[in-house]
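> Sequence and predicted model, in that order:
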Amino acid sequence: MTSYAQTVERGRSIDPVTGLVFVELSHAWDAEAPSFPGHPAPTIHRSISHATQGVMTHTITTVMHTGTHVNAPAHLLSSAACVGELPLDRFFGPGVVLSVPKGEWGLIEPEDLERAGRVEPGDVVVVDTGWHERYSDSQEYFGLAPGLSKRAAEWLVERGVRLVAVDTPSVDHPLATSLGGHRDGPLIPFLPALYEERTGRRPADDFPEWNAAHRTLLAAGIPTIENVGGDVATLHGVRCAFQAAPWRWPEGDASHIRFVAILDPGGAYRLEPGDGTGERRLFDLSQRWGNAMPAWPARGGHGVVVKRLQSHATEGLYTAQWEAVMHRGTHMDAPLHVLANQPSIVDYPLWRFFGTGVVVSIPKGRWEVITPADLEAARPEIREHDIVIMNTGSHANWGDSEDYFGYSPGLYKEAAEWLVARNVKLVGVDVQALDHPLGTKLVAHGPGPILPHLMEEYRAETGRDVMKDFPYWEPAHKILMTNGIPGVENIGGDIDAITGQRCTFMIFPWRWSGDGCGVRAVAVVDPDQSFRIGGGGL
């Protein structure tokens, strides 16, 4: 049996079974992540601790324009699409990294892009100016960076690209943004005068339009990624696949992402086929994220609060700030969430989040347990190294209700042990948690019971004691994650459309050292297996 220990070579995460290579293109995110001038800095605090409650959870307050993030058209264009409304195929596809080295205030023109490499229709285009090496909370990084000209943006639109990513703090030159004299600027007060002093030219003459490059791309439906980092400089001129799926946030102006390049040195990898009909399709397996979304029962609420910091009517752009824990909607847990002194979300290797697997139907009702026998009998067969997504039917009950959170079915100790023995890559469930609700602090586990009436109802219905039937506290969480297997909760969306199929999944969390992370769970079905991941021979 091939070991699924983490394999990393020269900063690249290598799947030991498929040989696929995953290259990190994101900056690490935390409370010290640089914020675009004018935006509040992220705040992160430990709202629940191991010492007091036996689990650990961070509460986060942030805008999405920190770290490596994708912008939606709604950020700069009134009444345009928000990040959760953009088609998923914008965020997964072939492309290339173009090396376009630029110094202070360098302007990226079409001629620079032409010289840097071949750009094809449908490409993800990543522009590496070398500026990611200066990524910091500094006036140099934000105020002196290069940027795309409007002509360069028009050139990319004409070539029909899928997505544009830059290793700078903005798609536009800083003097074409509010950092200079536009709109409510200059947000860096000395910037216009410094530009005129060094160049002898007026910023208003050289950059008469506000965010011209950005607005040109977004108006064409092309999302943009800013603050690209990681190992981007190792991929100059290399054709490969990219994934950059944002959260399913229908009201969002942007989304922090895990930006990853995927290469296939062996040249043999194929996305899993579908039923033999239709074109390659991407299916969203995520529940909606945002204000007033359902929250797991907890004392004190801990819901999601979203507020508008900037609006088109006043500032000419839309920016939202949110406060929440990561354990809402479709999300991934880290071992650190349930056990002290354990790895965080960033410690999972990248190859865990992409690969082939199955969506299996295991219909279960109120308080029923998913057993090893259910997993053994599931079809398609669950194979070693699969990503396994389970459809119990509970996603249809998703909502702010006890029906979903208190009475759902779920995994317990024996099923988790079966999945570890099968050596699966990742597990996703369409229920409230990786564990059965009667194996959580909803009853008398840890600091529970949060919902004590569940214990009384269980005894009345079965004549048995909850704590005798479910003696372990979150055993599925602990068994799976201490064996390196990520767990994803609240799967939903299009899950019924692909239940009973083998397909390819991508479910990437942020690059942050936290207890969990909201994710966009995506399945790819390629009927004729025509999609090839590039990068052979690396």
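Received the coordinates, thanks. Numbering: from 1, shown residues only.
> I'd say residue 93 and residue 123 touch.
Yes. Using C-beta atoms under 8 Å, residue 93 makes contact with residue 123 at a distance of 7.4 Å. To be clear about C-beta, it is placed using only N, CA and C from the backbone, and glycine gets the same treatment.
> pLDDT averaged over stretch 272-290, what's the number?
For stretch 272-290, mean pLDDT is 85.
> Check which residues of it are buried.
272-274, 280-290 (16 or more other C-beta atoms under 10 Å).
> again with stretch 150-159
For stretch 150-159, by 16+ other C-beta under 10 Å, it's 150-157.
> Closest to residue 306 out of those?
Closest approach between the buried residues of stretch 150-159 and residue 306, by C-beta to C-beta: residue 153, at 29.6 Å.
> higher neighbour count, residue 93 and residue 123?
The residue with more neighbours, out of residue 93 and residue 123, is residue 123; 22 against 19, by other C-beta atoms under 10 Å.
> Who are the contact partners of the more buried one?
Going by C-beta atoms under 8 Å, 6 or more residues apart in numbering, residue 123 touches 93-96, 159, 161-162.
> please redo it, this time with the cut-off set to 6 Å
Contact analysis of residue 123 by C-beta atoms under 6 Å, 6 or more residues apart in numbering lists 95, 161.
> cool, and the one 5 residues further on?
For residue 128, the contacting residues are 97, 99, 167, 232, by C-beta under 6 Å, 6+ apart.
> Would you map the strands across the stretch 401-538 of the chain?
Along the stretch 401-538 of the chain, counting by DSSP state E, counting those that start in this stretch, strands occupy 410-411, 426-429, 487-489, 502-506, 516-518, 522-525.
> starting at the chain centroid, how far to the shortest one?
Strand 410-411 sits 25 Å away from the centroid of its parent chain (C-alpha atoms, centre = their mean, to the nearest Å).
> coming back round to it: pick the most deeply packed of the strands of the stretch 401-538 of the chain.
Among those, ranked by average contacts under mean count of other C-beta atoms under 10 Å, first place goes to strand 410-411 (a mean of 29).
> List the contacts of it.
Strand 410-411 is contacted from outside by 370, 431, 435-436, 476, using C-beta under 6 Å, 6+ apart.
> mind redoing it with 10 Å?
362, 364, 367-371, 374-375, 390, 392, 394, 418-419, 427, 429, 431-440, 470, 475-477, 479-480, 487, 489 (C-beta atoms under 10 Å, 6 or more residues apart in numbering).
> picking up where we left off before, what would the strands of the stretch 401-538 of the chain look like in JSON lines with mean pLDDT and distance to residue 105?
Output for the strands of the stretch 401-538 of the chain, formatted as JSON lines (pLDDT from 0 to 100; distance: least, C-beta to C-beta, whole Å):
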{"stretch": "strand 410-411", "mean pLDDT": "97", "distance to residue 105": "55"}
{"stretch": "strand 426-429", "mean pLDDT": "98", "distance to residue 105": "44"}
{"stretch": "strand 487-489", "mean pLDDT": "98", "distance to residue 105": "43"}
{"stretch": "strand 502-506", "mean pLDDT": "97", "distance to residue 105": "37"}
{"stretch": "strand 516-518", "mean pLDDT": "98", "distance to residue 105": "36"}
{"stretch": "strand 522-525", "mean pLDDT": "96", "distance to residue 105": "38"}
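> okay, the ones you listed in a markdown table with distance to residue 130 next?
Formatted as a markdown table, those follow (distance: least, C-beta to C-beta, whole Å):
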| stretch | distance to residue 130 |
| --- | --- |
| strand 410-411 | 47 |
| strand 426-429 | 35 |
| strand 487-489 | 36 |
| strand 502-506 | 29 |
| strand 516-518 | 29 |
| strand 522-525 | 31 |
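> Which one of the ones you listed lies nearest to residue 173?
Across the strands of the stretch 401-538 of the chain, residue 173 has its closest neighbour in strand 516-518 (32.2 Å, C-beta to C-beta).
> Direction included, what does that closest one pair against?
Sheet pairing for strand 516-518, assigned by DSSP bridges, gives strand 331-333 (antiparallel).
> Relative to residue 64, how far out is the closest residue to residue 37 other than its chain neighbours?
Nearest non-adjacent residue to residue 37, counting by C-beta to C-beta, 6 or more residues apart in numbering: residue 187, 4.2 Å away. Per C-beta to C-beta, to the nearest Å, residue 187 is found 18 Å from residue 64.
> Next: residue 90.
For residue 90 relative to residue 64 (C-beta to C-beta), the value is 17 Å.
> Number of residues surrounding residue 449?
So residue 449, with other C-beta under 10 Å, has 18 neighbours.
> Run through the residues that contact the residue lying closest to it once chain neighbours are set aside.
Distances taken as C-beta to C-beta, 6+ apart put residue 443 closest to residue 449, at 4.8 Å, once the chain neighbours are dropped. With contact taken as C-beta under 10 Å, 6+ apart, residue 443 is in contact with 406, 437, 449-455, 458, 466-467, 470, 473.
> what about residue 187 and residue 64, which has more around it?
More neighbours surround residue 64 than the other of residue 187 and residue 64, with 25 against 20 (other C-beta under 10 Å).
> how much space between the more buried one and residue 44?
Taken as C-beta to C-beta, the span from residue 64 to residue 44 is 15 Å.
> re earlier: which ones among the buried residues of stretch 272-290 lie within strands?
Mapping these onto strands (DSSP state E) picks out 281-284.
> how about those, which pair is most distant?
281 and 284 (10.5 Å).
> Give me the common contacts of these two.
88, 494, 497, 523.
> now the nearest residue to the last one once chain neighbours are set aside: how far from residue 82?
When the adjacent residues along the chain are set aside, residue 523 lies closest to residue 283, with 4.3 Å between them (C-beta to C-beta, 6+ apart). Remark: distance between residue 283 and residue 82 (C-beta to C-beta) = 20 Å.
> Next: residue 124.
Residue 124 is 21 Å from residue 82, by C-beta to C-beta.
> Neighbour count: those two, which is higher?
Counted by other C-beta under 10 Å, residue 124 and residue 82 do not tie: residue 124 has more neighbours, with 27 against 21.
> wait, the more buried one sits on residue 228?
No. Residue 124 lies out of contact with residue 228 (C-beta atoms under 10 Å); the separation is 11.0 Å.
> Now for these two: what residues contact both?
What both residue 124 and residue 228 touch, as defined by C-beta under 10 Å, 6+ apart, is the set 97, 165, 244, 259.
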